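Student: Kindly generate the corresponding structure for this input.
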Amino acid sequence: MQKRVLAAGDMVDSQCTRCKALLNHTIIAMVDGQVVRVKCNTCGSEHNHRPAKEPKVAAAKAPKAAKEAKTPRARSVKAPAISDEAVWEEMIRPLDPDLAVPYSMEGKFRANTLLTHPTFGIGVIASSQAGKIEVVFKEGRKLLRSAC
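Tutor: Alright, predicted model coming up:
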C-alpha cells in the first residue's frame, strides 16, 4: 500500500489550538515534505500543525511482591501510634460523664473538662486557644470554635 504524499491544500487531522480537539485542517504551508502550518476547517484559525499524538503503551508492571523483593527499604522503627479512641478512653476514665457541659460556640471552656456535642457525643477538651478548643472524641480529635 502506497503512502500518499501530502501537498498544500490537502486535508489533514491536527490538534486545533482554539477548538481544543483533533479536527480536519487544510494544509497551508509545508517545509521539506513536512506539514508546518494548517487552517482549521471548523473555526478558521491558523496555527502550527500539531499531529495526533500516538497513544502511549503502558509498560508491563511487575508483581508487587517481586518489586518489594528487589528494592529492600530501610524502615524506621516507630512506636505504635496510639489511636484517638484509646486516648479518649484514658482521658474520660477519671471524669464523671454526668458533669459534661453542653457545647456552644459562645461558651468558654477549660482543658481537661467533659463536653457533650450534639453530633460527636461526649469528648474531653485537650487544649484551648484563642477562639478554638481541641476536643478528643471517640471518633477522633476535632477543632471547635469557642469564645475562649
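Student: where does the chain dip in pLDDT?
Tutor: 1-2, 58-82, 148 (pLDDT under 70).
Student: Next, please give the residue ranges for the helices of it.
Tutor: Using DSSP state H, the helices assigned to the chain run over residues 64-70, 84-92.
Student: what comes up buried for the longest one?
Tutor: If I follow you right, that is helix 84-92. Val87, Trp88, Met91, Ile92 (16 or more other C-beta atoms under 10 Å). Just so you know, the C-beta spots here come from the backbone N, C-alpha and C atoms, and that holds for glycine as well.
Student: quick one: the first one and Phe137 touch, right?
Tutor: No - the criterion here is C-beta atoms under 8 Å, and Val87 misses it with Phe137 at 10.2 Å.
Student: And for Ala130, the neighbour number?
Tutor: Neighbours of Ala130 under the rule other C-beta atoms under 10 Å: 6.
Student: Could you measure from it over to Val36?
Tutor: 64 Å (C-beta to C-beta, to the nearest Å).
Student: Same question for Asn112.
Tutor: Using C-beta to C-beta, one gets 75 Å for the distance from Asn112 to Val36.
Student: Next: His49.
Tutor: On the measure of C-beta to C-beta, His49 and Val36 end up 6 Å apart.
Student: Please name the nearest non-neighbouring residue to Ala21.
Tutor: Gln15 (7.4 Å; C-beta to C-beta, 6 or more residues apart in numbering).
Student: Who does that neighbour form a beta bridge with?
Tutor: In this structure, Gln15 bridges to Leu22 when assessed by DSSP bridges.
Student: I figured it hits His25, correct?
Tutor: No - judged on C-beta under 8 Å, Gln15 makes no contact with His25 at a distance of 9.1 Å.
Student: Tell me which of these two has more neighbours.
Tutor: His25 (25 against 19).
Student: How many neighbouring residues does the residue nearest to that one when sequence neighbours are not counted have?
Tutor: Once flanking residues are discounted, His25 sits nearest to Val38: 3.8 Å by C-beta to C-beta, 6+ apart. Val38 has 26 neighbouring residues, counting by other C-beta under 10 Å.
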